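Visitor: below are the sequence and a predicted model for it; my questions follow.
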Amino acid sequence: MLTQEPSFIADGMLGKLSRWLRILGCDVEYMPDVSDGALLEAAEKSGRTLLTSDVQLHRLATRQGVESHLVDDSSEAENLAKMARRFGVKLEVDLKATRCPLCNSPLREVACEDVAGRVPPSSLRGYKQFWMCLNSKCGKVYWQGSHWMRIKEILREAERYSF
């Protein structure tokens, strides 16, 4: 098993997978608008694993000694299961480790009164736990709303694929 949490750099085709991995607590730098060379250089300098759906980029990374994982056109659940098998990614949401799906910054739990005016009044009435992105440029607020059932469903499906 891994002793250190895996960290990744994802190419421009893997925004959805990046968001999922961040929800699961992985440190994922999503680089949608950079060249292949810049992706390889960033992965090498940072020690992150390159995630790509580009076969040629994956082969080039491998030739250059950059750790790379080729993501195919599988479903979200299958791709998450593959990440769990290869990198030890836990297929469960740990709300203390979850990162902002948009910017990759850590989240912190905040009081309801801290998000008043930033979330719909119905969410403020219906939910008691909120998390805020620590990045002041992002500051997105999250709660376990109606989408939470879909997240749990995808993770259950990924668990079935991961064995």
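Guide: Perfect, thanks for sending it.
Visitor: make it CA atoms for all contacts and neighbour counts henceforth
Guide: Noted.
Visitor: send me stretch 11-19 as PDB with only the CA atoms.
Guide: Output in PDB follows, covering the C-alpha atoms of stretch 11-19 (Å, rounded to 0.1, in the frame of the first residue of the first chain):
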ATOM      1  CA  ASP A  11      -4.500  16.900 -19.200                       C
ATOM      2  CA  GLY A  12      -7.300  18.900 -20.700                       C
ATOM      3  CA  MET A  13      -9.500  15.900 -21.500                       C
ATOM      4  CA  LEU A  14      -9.800  14.800 -17.900                       C
ATOM      5  CA  GLY A  15     -11.700  17.600 -16.100                       C
ATOM      6  CA  LYS A  16     -14.400  15.300 -14.800                       C
ATOM      7  CA  LEU A  17     -12.000  12.700 -13.500                       C
ATOM      8  CA  SER A  18     -10.000  15.500 -11.800                       C
ATOM      9  CA  ARG A  19     -13.100  16.700 -10.000                       C
END
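Visitor: can you pull the contacts of residue 52?
Guide: Residues counted as contacts of residue 52 (CA atoms under 8 Å, 6 or more residues apart in numbering) are 10, 11, 13, 14, 58, 68, 69, 70, 71.
Visitor: if we use 6 Å, what do you get?
Guide: 11, 70, 71 (CA atoms under 6 Å, 6 or more residues apart in numbering).
Visitor: closest one to residue 135 out of the residues you listed, please.
Guide: residue 11 (22.0 Å; CA to CA).
Visitor: could you check how far that closest one is from residue 141?
Guide: Noted for residue 11: a distance of 26 Å to residue 141, by CA to CA, to the nearest Å.
Visitor: compare those two and say which is more crowded by neighbours.
Guide: residue 11 (23 against 18; other CA atoms under 10 Å).
Visitor: number of residues surrounding residue 121?
Guide: Using other CA under 10 Å, residue 121 has 10 neighbouring residues.
Visitor: check residue 160 too.
Guide: The tally of other residues near residue 160 (other CA under 10 Å) stands at 12.
Visitor: which residues are contacting the helix or strand where it lies?
Guide: Using DSSP states H and E, residue 160 falls within helix 147-161. Helix 147-161 has contacts (CA under 6 Å, 6+ apart) with 77, 78, 81, 91.
Visitor: domain-wise, how is the protein divided?
Guide: Following automatic domain parsing, one finds the domains of the chain at 7-87, 107-161.
Visitor: in TSV, list those along with distance to residue 99.
Guide: Output for the domains of the chain, formatted as TSV (distance: least, CA to CA, whole Å):
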stretch	distance to residue 99
domain 7-87	5
domain 107-161	6
